[in-house]
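[1] Sequence and predicted structure below; questions after.
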Amino acid sequence: MPPMARVRRAPRRESDGLSSTAPRRRKRPVSLSETSPFRRPSAPAQQGERFGPYMIYERLGEGGMGSVHRAEVMGVAGFRKAVALKRMHTALTEDRGFVEAFIHEAQLVSCLRHPNIAQAFDLGKIDGAYFLAMELVPGPTLGQLMRQSRRAAGAIPLPIVIEILIQLCDALEYAHDLHDDAGHSLHLIHRDVSPANVIVSSSGSVKLIDFGIAKDRSSRSTTEAGIVKGKHAYLAPEYTYGQLDRRADLFGVGVIAHEMLTGRRLFLADSEAQTIRDVRGKLIHPPSRYAPEISRDLDDIVMTALQRDPELRWQNAGAMRAALGAEQLRLRAAVSGAQIRAWVEWAFLQEDWRESQIGRIIDDLEPSISIESGIDWEVVSEIEPVEPSVAALPTRVLRPNPGPRTARIPRAAPARPETSRWLILLLVLTTSGAAFDLGWLAWWLDRLTRS
């Protein structure tokens with residue numbers, strides 16, 4: 001039986017005594033499409049807004065260049081097709097630089113035809129507004145899944161983590177090796193490989209999205225206004241110094257892998273500058289320090305991706321994918337899309353422990369700041385250089401070895417919540433109990449003295 005044939009459910013929690021004692025109504029089973037964050041838009045557009053041949057519905061997201069809405073293209077005989085429609089902000093349509101960047105993104109995405117990359121269908125201009133129609137991928141982003149895992153569902157099962165990483169490497173290998181019609185390499189670099197740009201679809205497959213800041217051979221050599229683009233906590237160290245090639249994307253994959261395996265953020269700081277400092281020089285411990293069930297081989301795969309020297313990092317996504325495939329084979333951890341879908345659906349049905357009063361007390365004790373916006377090069381240049389830490393480096397720099405292995409280990413441990421939160425809770429309760437005992441003892445001694 002495959003390792004993911006069964007999913008252990010966390011036991012239903014009884015009332016913690018802080019809320020009402022009324023019996024809790026049992027939740028009805030729901031489908032993944034209902035639990036998907038895309039079914040709960042934060043800012044819906046006007047219902048049924050007509051835009052050329054498209055009918056626009058709720059907003060799915062918004063960036064500096066434009067907003068993305070769920071939409072349907074209307075055809076003859078009642079034909080309808082759901083798409084994600086990206087429209088440039090009308091205020092930017094007169095800016096030639098933004099228009100060129102928008103069209104460049106559309107041209108790049110139109111060249112990408114891979115099952116793990118969201119597809120582009122149409123590019124045009126209606127009533128002065130540029131738009132790009134893309135594949136609508138129902139399902140949560142990896143960032144949303146990781147947050148739900150930390151707050152409610154417990155650790156993402158190891159077989160699912162490995163499969164997500166394998167599919168992400170497949171997408172990057174294809175994009176990095178893309179050639180034009182003349183056979184010349186495009187040297188495409190995503191530049192923003194982060195959990196927010198990875199969707200775990202309702203079919204259980206992984207989709208890499210948002211090539212809006214991707215860089216290829218035809219891009220300008222310097223970023224306009226000296227802006228370092230991408231989410232700071234997932235930038236490669238050399239990129240913060242102005243150096244960039246496809247190996248920078250693999251550092252982002254390494255950060256994602258570390259965070260999925262450990263259930264905690266790797267580079268989480270309270271300022272932009274400190275985040276950059278951490279990326280450049282913070283001590284990185286192998287994932288097994290926080291999750292002992294992780295093997296030495298998987299540790300080395302992740303730590304090789306996190307090498308600050310690009311020459312010691314995985315040199316291409318295919319090499320990292322081959323190593324992950326060999327580890328998946330060794331662990332006998334292959335999973336199907338249906339199994340991934342089932343676990344994701346279950347994960348979003350779990351109650352967020354932070355909703356309880358004790359959970360909110362613990363949450364107040366934990367850092368909650370996430371830096372994920374652009375940063376000006378002037379800010380980066382003012383940060384003093386950091387000597388990268390050499391501690392916790394892998395025992396060896398790995399090379400692809402896709403051959404089968406005979407070693408067998410037990411299946412991965414079931415999902416479990418992060419233990420540090422419960423240690424904090426135990427400390428809070430113990431301190432409260434000790435304070436109560438001391439107060440009672442003082443009262444009793446006072447009464448005894450007076451009598």
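    Okay, I see it.
[2] Going by residue numbers, what spans are strands in the stretch 1-150 of the chain?
    Here the stretch 1-150 of the chain has its strands, by DSSP state E, counting those that start in this stretch, at 49-51, 54-62, 66-74, 80-88, 120-126, 129-135.
[3] Now do the second one, average pLDDT.
    The reference is to strand 54-62. Predicted confidence along strand 54-62 averages 87 (mean pLDDT).
[4] for the stretch 1-150 of the chain, what spans make up the helices?
    In chain order, the stretch 1-150 of the chain shows helices spanning 32-35, 96-111, 142-148, with DSSP state H, counting those that start in this stretch as the criterion.
[5] Disregarding residues adjacent in the polypeptide, which is nearest to L235?
    Of all residues not flanking L235 in the chain, V279 sits nearest, at 5.8 Å (CB to CB, 6 or more residues apart in numbering). For glycine as for every other residue, the C-beta is placed from the backbone atoms N, C-alpha and C.
[6] average model confidence for the strand or helix carrying that neighbour?
    Here V279 sits within helix 272-281, counting by DSSP states H and E. When pLDDT is averaged along helix 272-281, the result is 92.
[7] Please point out which parts of that helix sit buried.
    272-280 (16 or more other CB atoms under 10 Å).
[8] how's this protein carved up into domains?
    Per the record's domain assignment (automatic domain parsing), the chain is made up of the domains 42-135, 142-425.
[9] can you put the buried residues of helix 272-281 in CSV and add distance to F79?
    Converted to CSV, those look like this (distance: CB to CB, whole Å):
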residue, distance to F79
E272, 47
A273, 52
Q274, 52
T275, 47
I276, 49
R277, 54
D278, 51
V279, 48
R280, 53
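[10] now, which of the residues you listed sits nearest L168?
    Closest to L168 out of these is V279 (19.6 Å), distances taken as CB to CB.
[11] and P292, how many neighbours?
    Counted by other CB atoms under 10 Å, the residues lying close to P292 total 8.
[12] same question but for G254, I mixed them up
    If you count neighbours by other CB under 10 Å, G254 ends up with 26.
[13] can I assume F211 sits in a helix?
    No. With DSSP: H, G, I helix; E, B strand; the rest coil as the criterion, F211 is coil rather than part of a helix.
[14] List the contacts of it.
    Residues in contact with F211, defined by CB atoms under 8 Å, 6 or more residues apart in numbering, are 105, 108-109, 112, 175, 190.
[15] mind redoing it with 10 Å?
    F211 makes contact with 104-106, 108-109, 111-112, 117-118, 120, 175, 188-192, 197, according to CB atoms under 10 Å, 6 or more residues apart in numbering.
[16] so A347 touches I156, yeah?
    Yes. A contact is recorded between A347 and I156 when judged using CB atoms under 10 Å, the distance being 8.0 Å.
[17] Which one's more surrounded, those two?
    I156 (26 against 21).
[18] Find the nearest non-adjacent residue to that one, please.
    Taking CB to CB, 6+ apart, and ignoring the residues beside it in sequence, I156 has S149 as its nearest neighbour in space, at 5.2 Å.
[19] does the one you found really touch I164, like I thought?
    No. S149 is beyond contact range of I164, at 11.9 Å (criterion: CB under 10 Å).
[20] what sits in contact with each of those two?
    Both S149 and I164 are in contact with 156, 260, where contact means CB under 10 Å, 6+ apart.
[21] tell me the most buried of the domains of the chain?
    Highest mean neighbour count among the domains of the chain (mean count of other CB atoms under 10 Å): domain 142-425, with a mean of 18.
[22] Low-confidence stretches in the stretch 201-350 of the chain?
    Confidence mapping of the stretch 201-350 of the chain against pLDDT under 70 gives the ranges 212-230.
[23] ok, back up a step: let me see the contact set for the residue nearest to L235.
    With CB under 10 Å, 6+ apart as the criterion, the residues that contact V279 are 232-237, 239-240, 251, 255, 266-267, 269, 308, 386, 388.
[24] and which of the residues you listed is nearest R96?
    Proximity of those to R96, judged by CB to CB, is greatest for Y239, which lies at 26.5 Å.
[25] So the closest residue to that closest one other than its chain neighbours versus Q107, what's the distance?
    Excluding its sequence neighbours, the residue lying closest to Y239 (CB to CB, 6+ apart) is A248, at 5.0 Å. Computed as CB to CB, to the nearest Å, the A248 to Q107 distance reads 22 Å.
[26] What of P287?
    Computed with CB to CB, the distance linking P287 and Q107 is 38 Å.
[27] Quick check, I189 in contact with D249.
    Yes. Under the contact definition of CB under 10 Å, I189 touches D249, with a separation of 6.1 Å.
[28] Now the common contact residues for these two.
    With CB under 10 Å, 6+ apart applied, the overlap between the contact sets of I189 and D249 consists of 172, 175-176, 214, 239.
[29] From the residues you listed, pick the one nearest I340.
    Each of these was checked against I340 using CB to CB; the closest is L172, at 19.2 Å.
[30] which residues touch the closest one?
    Going by CB under 10 Å, 6+ apart, L172 touches 114, 116-117, 188-190, 193, 208, 246, 249-250, 252-253, 316-318, 320-321.
[31] isn't there a strand covering A155?
    No. Assessed by three-state DSSP, A155 does not belong to a strand; its assignment is coil.
[32] so it touches E293, yeah?
    Yes. Under the contact definition of CB under 10 Å, A155 touches E293, with a separation of 9.4 Å.
[33] could you pull out the strands for the stretch 251-400 of the chain?
    For the stretch 251-400 of the chain, the strands defined by DSSP E, counting those that start in this stretch occupy 375-376.
[34] For it, just list every one of the helices.
    Along the stretch 251-400 of the chain, counting by DSSP H, counting those that start in this stretch, helices occupy 272-281, 296-305, 317-331, 337-347, 357-364, 377-381.
[35] was I right about P195 contacting L266?
    No. Contact status for P195 versus L266: not in contact, 11.4 Å apart, counting by CB under 10 Å.
[36] Which residues are in contact with each of those two?
    Jointly contacting P195 and L266 under the rule CB under 10 Å, 6+ apart are 233-234, 255-256, 259.
[37] Turn those into TSV, including distance to I340.
    Listed next are the shared contacts of P195 and L266 as TSV, based on distance: CB to CB, whole Å:
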residue	distance to I340
A233	25
Y234	22
V255	21
I256	16
E259	18
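[38] what's the most distant pair in the residues you listed?
    Greatest spatial distance in these: A233 and I256, 10.2 Å, computed using CB to CB.
[39] Overlap in contacts, the two.
    Common neighbours of A233 and I256, counting by CB under 10 Å, 6+ apart, are 194-195, 266.
[40] phi, psi of the residue nearest to A233 when sequence neighbours are not counted?
    Among residues not flanking A233 along the chain, F267 sits closest, at 4.2 Å (CB to CB, 6+ apart). Note on F267: its backbone torsions stand at phi -120, psi 90 [degrees, to the nearest 10].
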